[in-house]
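Undergrad: quick one: sequence plus predicted model below, questions after.
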Amino acid sequence: MSQLFSRREALRLGALAVGGAALLGSGALTGCASRGSASDPSAYSFGPPQDGVPTSGGTLRVGLISGGNAETLDVRRTTQVPDIARVSALYDPLWFVGERGTVVAGLAESWDSNDAADVWTIQLRRGVQWHDGKSFTAADVVYTIQNSWVAPENGFGAVLQQIIDAPNVRADGEFTVVVPLKRRLAQFPTVASIQNCYVVPDGFSNWDRPVGTGPFKFKSFTAGRQSEFVANENYWRSTGRPPVDSLIIDSSFAQDDTRLNALLAKSIDIMPGIPPALARANESAGRINLGNQPGPGWTGPVFRVDTEPFRDQRVREALKLSLDRQAAVDLVFSGYATAGNDCCGYTGQYFANDLTSSYDPDKAKSLLKSAGFDGLAVSLDTAALSGQTNSLATLYKEQAKKAGIDVSVNQSDPSTYFTPSGGYQTRPFGMELWTNGVNSLTLFYLLDLVEGAPFQVSYWGSPEHDELAYAAMAEKNEALAAQKWHDVQVLQHDQGGTLNYANYNWLDGYGLGVRGVKTTNAGPCNNFDFSSAWLEG
């Protein structure tokens with residue numbers, strides 16, 4: 001499988017693979033720091049109590065579903081969740097993923113672009129040391145961009161190669177880097193904060209012996225089993241050295257119930273991606289602290305707009321009207337989700353929360369009749385991509401009947417679903433799943449929703465749409481950008497090929513003695529940030 005498709009698999013399956021099922025949460029975006037009653041899907045929580053005086057020492061153990069022999073320490077090839085957790089411990093990015101589709105300063109201390117947003121000047125943080133004691137400088141960033149970001153091995157390289165003029169990236173002094181782009185991007189930092197963009201040392205090539213600037217140093221790694229790291233005494237962030245002495249990423253688990261038993265038995269301390277049913281039962285029993293926050297992940301059927309019968313706008317509208325999204329939230333997600341609106345990037349900056357999608361099977365039936373597709377029959381491909389994907393496909397089959405649509409559901413092998421041989425990018429109609437890393441509208445549209453995007457599924461990219469999308473990407477004025485992005489999403493909502501059933505939250509299970517870490521909409525455990533975690537008692 002090519003790196004292109006490996007990356008696609010990671011973007012969809014990445015964080016979901018943590019639990020072997022969906023990482024689900026709940027509804028609206030208000031009150032995200034509040035804590036309601038246990039097992040209530042609308043009760044948002046960061047997870048562990050956010051008070052107390054940190055104590056030093058001990059080993060923090062994080063339990064993840066195994067990625068087998070494919071697990072790696074190579075930043076460029078980071079696709080699976082255990083890999084993402086390791087990369088986040090060992091390395092730092094220029095920009096950390098922030099909340100609401102923003103970024104937080106990492107190794108980049110400040111940044112700005114020219115008026116056209118096609119040349120970015122980045123001021124780097126001073127006083128940072130690599131794990132081997134060398135000083136971090138602009139040479140490291142130039143090397144990283146030119147030799148890691150756009151390398152053939154980089155699963156995200158297909159996008160980075162299209163937007164970065166890598167040969168002309170240059171240092172302007174010891175702590176300044178100038179990055180010219182091939183395309184105007186006012187939100188370039190949100191694109192370059194994904195895990196494949198973490199920074200490595202100048203000249204680095206020995207991926208089996210990683211050297212980073214991150215909160216933990218490498219000690220050992222056995223693919224599909226366990227990784228061990230020790231605290232970085234010289235970590236540069238304001239929190240300084242991590243409170244715990246060591247971090248173990250235990251990726252030996254094959255099942256979620258086994259992970260849960262390990263959490264309850266205190267064999268592990270954190271279970272990122274706990275499935276909803278397990279989360280609800282064990283939080284209500286007071287046996288875990290549950291982190292529950294909204295995120296950008298979504299799932300639902302997607303059709304190719306360039307094939308029959310989906311070219312007809314009346315057919316597209318009918319399909320959109322044939323989904324009862326709230327029923328899916330209630331029946332399939334047990335309330336731990338938010339009804340989708342056929343746009344992508346929920347919780348991200350500029351996401352069009354005001355757009356809603358209706359369920360009207362009678363109108364759908366009328367539209368199909370007027371288009372000459374009365375009694376439309378379609379085939380929907382699906383696979384066990386999460387604990388909910390196949391259930392949603394079955395639910396849609398039942399809902400579509402009311403709109404006069406005969407849906408045949410075809411079960412596929414999940415191991416090949418996102419490969420060319422499995423029909424990826426050629427299937428006319430299939431279930432889709434997007435998750436980790438895509439909290440930026442600019443990033444998602446460059447990946448999937450403009451003509452020529454490397455990971456297209458719906459092949460949605462009309463000239464009108466693309467002109468609006470690229471104008472939105474280039475707009476530096478936030479008020480104007482909000483309006484332009486809204487116009488883009490109106491087109492996607494009305495005419496695009498995405499039938500977004502639901503947006504789900506991140507759910508993480510924490511042992512009762514864990515402190516100093518939290519779940520946010522940046523990702524599981526705040527995008528696997530264990531730099532401040534500590535153990536009580």
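TA: Great, that's in hand. Keep in mind it's a predicted model, so treat the numbers as computed, not measured.

Undergrad: tally up the residues packed near Asp208, please.
TA: Other residues within reach of Asp208, judged by other C-beta atoms under 10 Å, total 9. No exception for glycine: its C-beta is placed from N, CA and C like everyone else's.

Undergrad: which SS state does it fall under?
TA: Three-state call for Asp208 (DSSP: H, G, I helix; E, B strand; the rest coil): coil.

Undergrad: leaving out chain neighbours, which residue sits closest to it?
TA: Take Asp208 and drop its neighbours on the chain: the residue closest to it by C-beta to C-beta, 6 or more residues apart in numbering is Leu73, 6.7 Å away.

Undergrad: the lengthiest strand in the chain: how far from the chain's middle?
TA: The longest strand of the chain (DSSP state E) is strand 289-303. Centre-to-centre, strand 289-303 and its host chain are 9 Å apart (C-alpha atoms, centre = their mean, to the nearest Å).

Undergrad: got the contact list for the longest helix anywhere in the chain?
TA: Counting residues, the longest helix found in the chain (DSSP state H) is helix 478-495. Residues outside helix 478-495 that contact it (C-beta atoms under 8 Å, 6 or more residues apart in numbering): 186, 305, 313, 316-317, 341-344, 350-352, 355, 357, 441, 445, 449, 460, 462, 464-465, 468-469, 471-472, 475, 498.

Undergrad: mind checking which of these are buried?
TA: 186, 305, 316-317, 341-344, 350-352, 357, 441, 445, 449, 460, 465, 468-469, 471-472, 475, 498 (16 or more other C-beta atoms under 10 Å).

Undergrad: any weak-confidence spans in this protein?
TA: Scanning the chain for pLDDT under 70 picks out 1-42, 436-438.

Undergrad: hang on, the earlier thing: for the longest strand of the chain, packing partners?
TA: Strand 289-303 sits against helix 276-284, helix 313-321, helix 389-401, strand 429-434, strand 502-510, with contacts defined as 3 or more C-beta pairs under 8 Å, 6 or more residues apart in numbering; DSSP states H and E.

Undergrad: nearest to Ser135, out of those?
TA: Of all the helices and strands packed on strand 289-303, strand 502-510 sits nearest to Ser135, with 35.3 Å by C-beta to C-beta.

Undergrad: strand partners of that closest one, parallel vs antiparallel please.
TA: Next to strand 502-510 in the sheet, as set by DSSP bridges, lie strand 270-272 (antiparallel), strand 289-303 (antiparallel), strand 337-339 (antiparallel).

Undergrad: for Trp298, list the residues it contacts.
TA: The contact partners of Trp298, taken as C-beta under 8 Å, 6+ apart, are Gly340, Cys344, Tyr346, Leu433, Trp434, Asn500, Tyr501, Ala502, Asn503, Tyr504.

Undergrad: where's the closest residue to Val199 other than its chain neighbours, which helix or strand?
TA: With C-beta to C-beta, 6+ apart as the criterion, Val199 has its nearest non-adjacent residue at 4.9 Å, and that residue is Thr144. Secondary structure assignment for Thr144, by DSSP states H and E: helix 138-144.

Undergrad: and that helix, which residues are buried?
TA: Buried residues in helix 138-144 (16+ other C-beta under 10 Å): Ala138, Asp140, Val141, Val142, Tyr143, Thr144.

Undergrad: from those, which is closest to Gln129?
TA: Gln129 lies nearest to Asp140 out of the buried residues of helix 138-144, by C-beta to C-beta, at 11.4 Å.

Undergrad: check the secondary structure at Asp132 for me.
TA: coil.

Undergrad: neighbours of the closest residue to it other than its chain neighbours, how many?
TA: Spatial nearest neighbour of Asp132, excluding adjacent residues (C-beta to C-beta, 6+ apart): Val211 at 5.2 Å. Residues contacting Val211 under the criterion other C-beta under 10 Å number 18.
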